[in-house]
Each structure stands twice: as structure tokens, then as C-alpha cells.
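Participant: predicted model, plus sequence, below.
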Amino acid sequence: MKRAVIIGTVAAVCAAAGAAFIAGALPRARTSFSPSAISFAVAAEAGATVYYQDADGKPFYSLTPKKTPDGRDWRAVPARADVSFDEPEEPPTENKSAAAKTERRIKYYRNPMGLPDTSPVPKKDSMGMDYIPVYEGEDSDDGSVKLSPGKIQRTGAKSEPVVRRAIRSVIRAPGTVQLDERRVSVVALRFEGFVESVANVTTGDHVHKGQPLMNVYSPALSSAAAEYLSALNAGATGKELKGARRRLENLATPEPAIRELERTRDISLSIPWLAPQDGEILERNAVNGMRAAPGDVLFRIADHQLVWVLLDVAERDLAQVTIGAKVTIRPRPLPGRMFTGKVSLIYPHLNAQTRTARIRIEVPNPDEVLRPEMYVDAEIETGTPDPVLAVPESAVLDSGMRQVVLVDKGEGRFEPHEVKVGRGGGGYVEITQGLSEGEAVVTSANFLIDAESNLKAALKGFAEANGPQANEPVGGTEARP
């Protein structure tokens, strides 16, 4: 820099001497350095202004301040901004030694795809990708890996302590409303008879238990009634009387008709046939004057006070569903309405086409707004009430056969731990083996740490212990042939 300043000063003095020579002032041209030029060089060394350049950046220069035709000042150029052709000064010896100490040494080169393949020299893999250098201090032989603070910051790695918490989750599944099979009954005769008349009831009507549905006549029923009446009139007791009454009961004669026979001692031509339960008439096949054979279904009645909700739960969620679990039912045709029930049965078979299992929920239906075949959306609450060791789901590297978490040991060092997982829910997964409460695990960027630190090599000890699983990819890295 000093030499550049002096050269510039000499060039400026020579230019001034040339101008004086042209003007006829040859005698003054013999002066090589004036006191002002020497003081200018000294000022330049001190960091002051060396010269002035045109305000518009044009290649016009001056040793003294000047102005443009429009009154703007020329730009002052300090010594530090002047172009220098000097060689850079050599750094001090002590700085060289410090730089040598801080320079990292490459320990080896690892496969860029995470395969357990290293090289002492730079090389490329089969796809032409360069092997990644691993520096001293970034890898160790104790199964842990170490990353520089810069890499940790760039990957955004975060850690979270392992704590005990209750694992709860909600399984959502569609379903339909169905009749409770135990609350459906049919009205049929146990003998051959005739329907003399049918009451004023039709399909869809609600009937009560004991309400007359039709009047029935049958020779077999009249014969049994006559036998029982004879036993009563003869004053029979014991087994004889009991046997005559039992014959009427075996023909399913309504109890009110038997009591009426005992009271009046008169056989009626036809007997009123009563509804066996409360409910809605689903089917009416009885017609006035028809002949009914034994077993013919004349009426079908169902009670809707309690209905079933059948849900189709995905196969992967089946293990989380337990008998007695609380279920919230939301019928699609009834916005804003919500019903609650409990899981009463898990059917023992799967649907091969949909890979779902059927779950049965018993739901009270006092106002009978839940109708058969109605679509519903259900939420099944699953989980354990007792707290268990849990980590975020993002902390687990699952290869399908092995689950691994990265334990943060501090100072940029991470150690892989093989774990056993249990049920999950709410963004957390239960850890049944492999971790202790209070340990910090990496919850984000663990796949990037896997790529940066060659987790496959760090898990070599686990792979050797498990034999054939040694070639299995870990952390989502796919092994290539």
C-alpha cells in the first residue's frame, strides 16, 4: 500500500511537471518532490484522502478538492480504498499455529446413502455421489455420534425429556343403526287355525304388551279348552287338573283367555290373540278369514327403546378397542344430536374386502329417533388411565422390525437406543423398554441426524447382536444391492 501511494504521488508530480514544461516552465521541471507532495504521501500513509475522483465515477482525478459544473463535490478517495498491487502481508507466526490447531482432520469417508460402508480416501458410490467426510470428534466407538453446533442448528434438532403421561386417543369410525335382535318377536300359532278378524293395527303402529292383535279360532284350541273345562267341572285336582291346563299353555293360549274360561265356565268360539311385547309392528301378514298354519309369521314386532350401533373399525386400530370403552355417537341425519354408549361386543371375524372389524355398541333410544339403517359417525375413546413412559411419535425411527430413538447426551452427542413401543395416541407413543424417565430424546430432525451421522454405523453393535437383522435399513434409509 505504501508503494502504491508513493507511485501515485510521483505520477501526480510528474504530470504537473509535464504541464509546466509545455507552458515553457522547463527550469521548474527539475524539481522531483516538493514539500507539499511529501506531506501528501505522509497523510496517505495515515489513512487520509489520497486524491479526489469525479462525482459521477468518470476516470477524472485531482489532488485537490474540486466541484462538478453543477456544483457537486468530487468524491474523496482514502488510502484504504485505493487499489493496491502489493502482496498480502504474511500473518504472524502465532496465528499460523492457531489456525493449524483449529483445522479439523478427516477421519474417514462414509457412504452418502447411510450404508455401512466407509473409505479412508475420497470416492464415489455406484450412483456417482461423493462419499461424505467424517471429521475427528464427530464419530466415536462407543455407539454414539457427535455433530457440530452448526449442523445441529441447521437441521433444527430439538430434544424433549421422557416423562410419564396418560396415553389417550380417539378412534373414529362410521357405522349404522340396527335393531337389537333380542328385542324382536313374532306372533305365530302353534296349531292350525283361522284368523276370524284382525285389530285396527298396521305396519309402523306402536303396540303395547297385552294389546289384542286378532281373534283366532281352532278346533285343537277348542278341544283343549273343553278338556280343561271338564276337569274343572268334575272337581279334579292334582296332576289331572294341572295336565289339562298345561295342554292349553302348550298351545300358547293367552293367560287372560284361560282365566276367562275358569271364570265363565264357557268355551268361546274364538280367542283374542295378544301382543307379546311393546314395540312397533315391522310386519303384518294376518288377514281377516285367512287360514294359518303352525309357525306362520302373522306379526313381527320390534322394541326400539334400545338399539345397536355397528361400527367398522380398521384392522390396525382393533388392538386399542376394549369391551366397555366409551363411545360417542353422532347421527348424520340429526345435526347437533349426540348419544353415548359402551362397546358391548367385538365380533370375532374380519371383513376380508375392507380389512375392518365390526364393533357393537348398545345405545339407549328413549325417544326412538335412532332408526334402523341410519348412518352415524362414532368416536371410540381408547387409552390407559395410568401414566406410562411416553415420547412423541416423531422421536421413534421405525424400520418395521426395529424401533430406535436418539438420546441427547449433551454437547452435540447423540446415542441411539433400541426401544419397545406400546400403544399410541394424542401424538405420543408408549415406551415399554429401552428408556428411563428423564432422558432427553430427539423429537425433530432425527432423520437428518441419521443422514449426517451415519446412524447405521452407530447401530452396528445392535445389528451384530440380532444376527440376520444386521443388513436391515434403519431410520428410513433403504439398503441398495
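Facilitator: Noted; the coordinates are in hand. Numbering: from 1, shown residues only.
Participant: quick one: contacts for the closest residue to residue 226 other than its chain neighbours?
Facilitator: Of all residues not flanking residue 226 in the chain, residue 267 sits nearest, at 5.9 Å (CB to CB, 6 or more residues apart in numbering). In this view, the C-beta of every residue, glycine as well, is placed from N, C-alpha and C. Contacts for residue 267 (CB atoms under 8 Å, 6 or more residues apart in numbering) come out as 222, 225-226, 229, 261.
Participant: dump those residues into JSON lines; add secondary structure, pLDDT and distance to residue 56 as well.
Facilitator: Shown next, in JSON lines, are the contacts of residue 267 (DSSP: H, G, I helix; E, B strand; the rest coil; pLDDT from 0 to 100; distance: CB to CB, whole Å):
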{"residue": "222", "secondary structure": "helix", "pLDDT": "91", "distance to residue 56": "131"}
{"residue": "225", "secondary structure": "helix", "pLDDT": "91", "distance to residue 56": "130"}
{"residue": "226", "secondary structure": "helix", "pLDDT": "91", "distance to residue 56": "135"}
{"residue": "229", "secondary structure": "helix", "pLDDT": "89", "distance to residue 56": "136"}
{"residue": "261", "secondary structure": "helix", "pLDDT": "90", "distance to residue 56": "130"}
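Participant: SS state for residue 247?
Facilitator: Put simply, residue 247 is helix when judged by DSSP: H, G, I helix; E, B strand; the rest coil.
Participant: now do residue 256
Facilitator: Relying on three-state DSSP, one would call residue 256 helix.
Participant: got the contact list for the closest residue to it other than its chain neighbours?
Facilitator: Spatial nearest neighbour of residue 256, excluding adjacent residues (CB to CB, 6+ apart): residue 274 at 7.1 Å. Counting by CB under 8 Å, 6+ apart, residue 274 makes contact with 209-213, 254, 256.
Participant: in which helix or strand would I find the residue nearest to residue 226?
Facilitator: If you go by DSSP states H and E, residue 267 is not part of any helix or strand.
Participant: how close does it sit to residue 240?
Facilitator: 19 Å (CB to CB, to the nearest Å).
Participant: with residue 127 instead?
Facilitator: For residue 127 relative to residue 240 (CB to CB), the value is 101 Å.
Participant: same question, residue 360
Facilitator: Taken as CB to CB, the span from residue 360 to residue 240 is 49 Å.
Participant: more neighbours, the two?
Facilitator: residue 360 (17 against 10; other CB atoms under 10 Å).
Participant: touching, the more buried one and residue 309? I think so.
Facilitator: Yes. In this structure, residue 360 is within contact of residue 309 by CB atoms under 8 Å, at 7.5 Å.
Participant: where does residue 389 fall, phi/psi-wise?
Facilitator: phi -60, psi 130 (degrees, to the nearest 10).
Participant: which residues touch it?
Facilitator: Residue 389 neighbours (CB under 8 Å, 6+ apart): 162-164, 430-432, 435, 437.
Participant: what's the answer for residue 332, then?
Facilitator: Contacts of residue 332 (CB under 8 Å, 6+ apart): 374-377.
Participant: so how far is residue 374 from it?
Facilitator: In terms of CB to CB, residue 332 sits 8 Å off from residue 374.
Participant: likewise residue 401?
Facilitator: Using CB to CB, residue 401 is found at 44 Å from residue 374.
Participant: which of those two has more neighbours?
Facilitator: The residue with more neighbours, out of residue 401 and residue 374, is residue 374; 17 against 11, by other CB under 10 Å.
Participant: the more buried one and residue 333 touch, don't they?
Facilitator: Yes. Using CB under 8 Å, residue 374 is in contact with residue 333, at 6.2 Å.
Participant: how much space separates residue 348 from residue 359?
Facilitator: 12 Å.
Participant: residue 272 - how many residues pack around it?
Facilitator: Using other CB under 10 Å, residue 272 is surrounded by 17 other residues.
Participant: next one: residue 54
Facilitator: Neighbour tally, residue 54, other CB under 10 Å: 15.
Participant: quick one, what contacts residue 321?
Facilitator: 171, 313, 343, 346, 359, 380, 382.
Participant: and the helices in the stretch 251-400 of the chain?
Facilitator: Under the criterion DSSP state H, counting those that start in this stretch, the stretch 251-400 of the chain carries helices at the ranges 255-264.
Participant: sticking with residue 197, tell me its helix or strand.
Facilitator: For residue 197, the element it lies in under DSSP H and E is strand 193-198.
Participant: what's across from the residue nearest to residue 256 in the sheet?
Facilitator: With DSSP bridges applied, residue 274 shows beta-bridge pairing to residue 212.
Participant: show me where pLDDT drops low in the stretch 351-481 of the chain?
Facilitator: 445-481 (pLDDT under 70).
Participant: where do the strands sit along it?
Facilitator: Secondary structure of the stretch 351-481 of the chain (DSSP state E, counting those that start in this stretch): strands at 356-364, 375-383, 388-392, 397-398, 403-410, 413-425, 428-433, 440-444.
Participant: turn these into TSV, columns for distance to residue 191.
Facilitator: Shown next, in TSV, are these (distance: least, CB to CB, whole Å):
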stretch	distance to residue 191
strand 356-364	37
strand 375-383	43
strand 388-392	64
strand 397-398	68
strand 403-410	69
strand 413-425	59
strand 428-433	64
strand 440-444	76
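Participant: among these, which is nearest residue 71?
Facilitator: Closest approach to residue 71 among those is made by strand 440-444 (61.5 Å; CB to CB).
Participant: show me what the closest one is packed against.
Facilitator: Contacting strand 440-444 under the criterion 3 or more CB pairs under 8 Å, 6 or more residues apart in numbering; DSSP states H and E are the following elements: strand 158-161, strand 388-392, strand 403-410.
Participant: which residues are in contact with it?
Facilitator: Taking CB under 8 Å, 6+ apart as the rule, strand 440-444 contacts 156-162, 391-392, 394-395, 405-408, 414, 435, 449.
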